[in-house]
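# sharing a model prediction with you, sequence too.
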Amino acid sequence: MQPGARGTLWWRALAWMALATVFTATHWPNLQLDLPMRGSDKVLHAVAFMMLALVWWPTGFIRSVPLFALAAASWSILDEATQALPFVHRHAGVEDAVANLCGIAIATLVIVALRQDPNAPGHAVRALAWRMVIDRPQAWMACAASTVLGAMVGGVILVTAQSLLRQPIKPMHSALIGATLGVAVALHATIVVMLRSMEARLRAQRCCPACGVPGVQGPACAGCGATVPSSAWMVPLARSLGGVPDRHWIRVGLVPVGIAGLMLVLIMAASIAISIRRIEALQPYLGPEVDPGMRLVLDAVALAVAASAGLWWSRRAAGRIRAKEAIECLACGHDLRGTVAESGIGRCSECAEPFRMPMDGSVRKEG
Ligand SMILES: [Zn+2]
Ligand SMILES: [Zn+2]
């Protein structure tokens, strides 16, 4: 069995379950949520559809991000529209649909921001590690445990924190936001730890990035015949941002943070400008009468846009620096043209930092 095949099946089962849960919740006849404040259900809508989209993306049914976003958006609108059916006894609202779309927008931005560059060093091993990890039931159990723990800890922390504020937010709101943040942090930490140890194992055992068979010797895998350069198992530069050394911190770190800040300022300016114009159709979303839940959802979208713009910029900058990997030493800047490489790996004559040599040598000609 190919690595990742079993894990993908589990993802799909989880995705269908999540879909059924959200659909049931949104279509339960006459569901009356005892929410402490007007607009809280907007946050629920956004969180539910964000989670749904994030669970569906790794199923691999749709691999193009724009197509995926379009499908998810259509589903969310259909979900809201069918609530208008008479026998459902629910209320279909434009603002609910907007909240759903906001949740999907945030999920799409997260997906774009976390997308891996296939040319980044160590990508093949990282991708294999992901597929091997999702195949293991222990990994799913660890994730379930950290989800529960993260939700509880995050919820408690935010409820406590808001009660100390001079103008406390409603506990229901803060519990929900705290739980969402807690789950994100706990899941991220768990997954990073599992991936790191799996990557280390795959490197040590020289596993084929295509089929996962350990102990590959020579240029091709004996198991599946795939061509495997030895640079596949090379450990990427230590202590680095985006796979490039720290001396590039301005291009890869500072500038992207500035871009994110600029995006936030622009969005704020635009929303102030539009709310001054007082366009009737936009009144539920801008201006003094916006319900607090909707405002929270819109703020979250603005933050997600800014953060993913910064991340995207950072990744692009790192990619451009790495494109010169075999031309200029990433660690010290020494000219590498003319350095001899053995089975895809060269070594800088100045600082001994290893670099990957493209198999066809095309990159070196450009320089
Ligand atoms: Zn193989
Ligand atoms: Zn060097």
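Received it, and whenever you're ready, just let me know what you need. Ligands and ions are numbered 1, 2, ... in the order given.

# so which residues on this protein come close to ligand 2?
The chain comes close to ligand 2 at residues C329, A331, C332, H334, C348, E350, C351, E353, as judged by Cβ under 5 Å from the ion. Glycine gets a C-beta too; all of them are placed from N, C-alpha and C.

# can you report how many residues lie near the second one?
Yep, that's A331 we're talking about. Using other Cβ atoms under 10 Å, A331 has 18 other residues around it.

# in the stretch 251-367 of the chain, which spans are helices?
255-277, 292-322, 362-366 (DSSP state H, counting those that start in this stretch).

# the second one to helix 255-277, inter-axis angle?
For helix 292-322 and helix 255-277, the angle between their directions (axes from the mean of the first three to the mean of the last three Cα atoms, to 10 degrees) works out to 150 degrees.

# mind giving me the packing neighbours of helix 292-322?
Where contact means 3 or more Cβ pairs under 8 Å, 6 or more residues apart in numbering; DSSP states H and E, helix 292-322 is packed against helix 40-56, helix 94-114, helix 171-204, strand 244-245, helix 255-277.

# quick check: F355 touching G344?
No: in this structure, F355 is not within contact of G344 by Cβ atoms under 8 Å, at 9.8 Å.

# more crowded one of these two?
Remark: of F355 and G344, F355 carries more neighbours, 25 against 17, as counted by other Cβ under 10 Å.

# residues contacting the more buried one?
E325, A326, C329, L330, L336, A341, I345, G346, R347, C348 (Cβ atoms under 8 Å, 6 or more residues apart in numbering).

# coming back round to it: need the residues of the chain next to ligand 2 in JSON lines with distance to P58 and pLDDT, can you?
Compiled in JSON lines, these are given as follows (distance: Cβ to Cβ, whole Å; pLDDT from 0 to 100):
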{"residue": "C329", "distance to P58": "36", "pLDDT": "84"}
{"residue": "A331", "distance to P58": "34", "pLDDT": "79"}
{"residue": "C332", "distance to P58": "39", "pLDDT": "82"}
{"residue": "H334", "distance to P58": "40", "pLDDT": "86"}
{"residue": "C348", "distance to P58": "37", "pLDDT": "85"}
{"residue": "E350", "distance to P58": "42", "pLDDT": "85"}
{"residue": "C351", "distance to P58": "39", "pLDDT": "83"}
{"residue": "E353", "distance to P58": "34", "pLDDT": "80"}
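
# and the buried ones among these, selectable in PyMOL?
Selection of buried members from the residues of the chain next to ligand 2 for PyMOL, criterion 16 or more other Cβ atoms under 10 Å:
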select buried, resi 329+331+348+353
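
# save the residues of the chain next to ligand 2 as TSV, and put in distance to A145 too.
Shown next, in TSV, are the residues of the chain next to ligand 2 (distance: Cβ to Cβ, whole Å):
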residue	distance to A145
C329	43
A331	39
C332	44
H334	47
C348	44
E350	47
C351	43
E353	39
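
# related to what we said a few turns ago, ranking the helices of the stretch 251-367 of the chain by burial, who's on top?
Of all these, helix 292-322 has the most neighbours on average by mean count of other Cβ atoms under 10 Å, namely a mean of 19.

# where among the helices and strands packed on helix 292-322 is average confidence lowest?
Mean pLDDT across these is lowest at strand 244-245; the value there is a mean of 76.

# check which element follows that strand along the chain.
Note on strand 244-245: by DSSP states H and E, the next helix or strand toward the C-terminus is helix 249.

# who are the packing partners of that following helix?
Taking 3+ Cβ pairs under 8 Å, 6+ apart as the contact cut, helix 249 packs with no helix or strand.

# what mean pLDDT does it have?
84.

# next one: it to chain centre, how far?
Mean-position distance between helix 249 and its chain equals 22 Å (Cα atoms, centre = their mean, to the nearest Å).

# ok, and the most crowded of the contacts of F355?
When neighbours are counted by other Cβ under 10 Å, L330 leads the contacts of F355 with 26 neighbours.

# shouldn't it be in contact with R322?
Yes: counting by Cβ under 8 Å, L330 does reach R322; the two are 7.1 Å apart.

# which residues are common contacts for these two?
What both L330 and R322 touch, as defined by Cβ under 8 Å, 6+ apart, is the set V244.

# list just the nearest of the residues of the chain next to ligand 2 to D135.
E353 (33.8 Å; Cβ to Cβ).

# what sits against that closest one?
Neighbouring residues of E353 by Cβ under 8 Å, 6+ apart: L237, C329, L330, A331, C332, R347.

# residues contacting R12?
T59, F61.

# could you pull up phi and psi at it?
The phi and psi torsions at R12 (degrees, to the nearest 10) take the values phi -60, psi -40.

# that older thread, got TSV for the helices and strands packed on helix 292-322, with distance to ligand 1 too?
TSV is the format used below for these (distance: least, Cβ to the ion, whole Å):
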stretch	distance to ligand 1
helix 40-56	29
helix 94-114	27
helix 171-204	12
strand 244-245	29
helix 255-277	37
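
# tabulate the ones you listed (TSV), appending distance to G4.
Output for the helices and strands packed on helix 292-322, formatted as TSV (distance: least, Cβ to Cβ, whole Å):
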stretch	distance to G4
helix 40-56	17
helix 94-114	18
helix 171-204	12
strand 244-245	28
helix 255-277	31
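
# am I right that C211 sits in a helix?
No: the assignment for C211 (DSSP: H, G, I helix; E, B strand; the rest coil) gives coil, which keeps it out of a helix.

# neighbours around T227, how many?
T227 - counted by other Cβ under 10 Å - has 10 other residues nearby.

# so who does the closest residue to A341 other than its chain neighbours touch?
Once flanking residues are discounted, A341 sits nearest to M357: 3.7 Å by Cβ to Cβ, 6 or more residues apart in numbering. By Cβ under 8 Å, 6+ apart, the contact set of M357 is S231, A326, A341, G344, I345, G346, R364.
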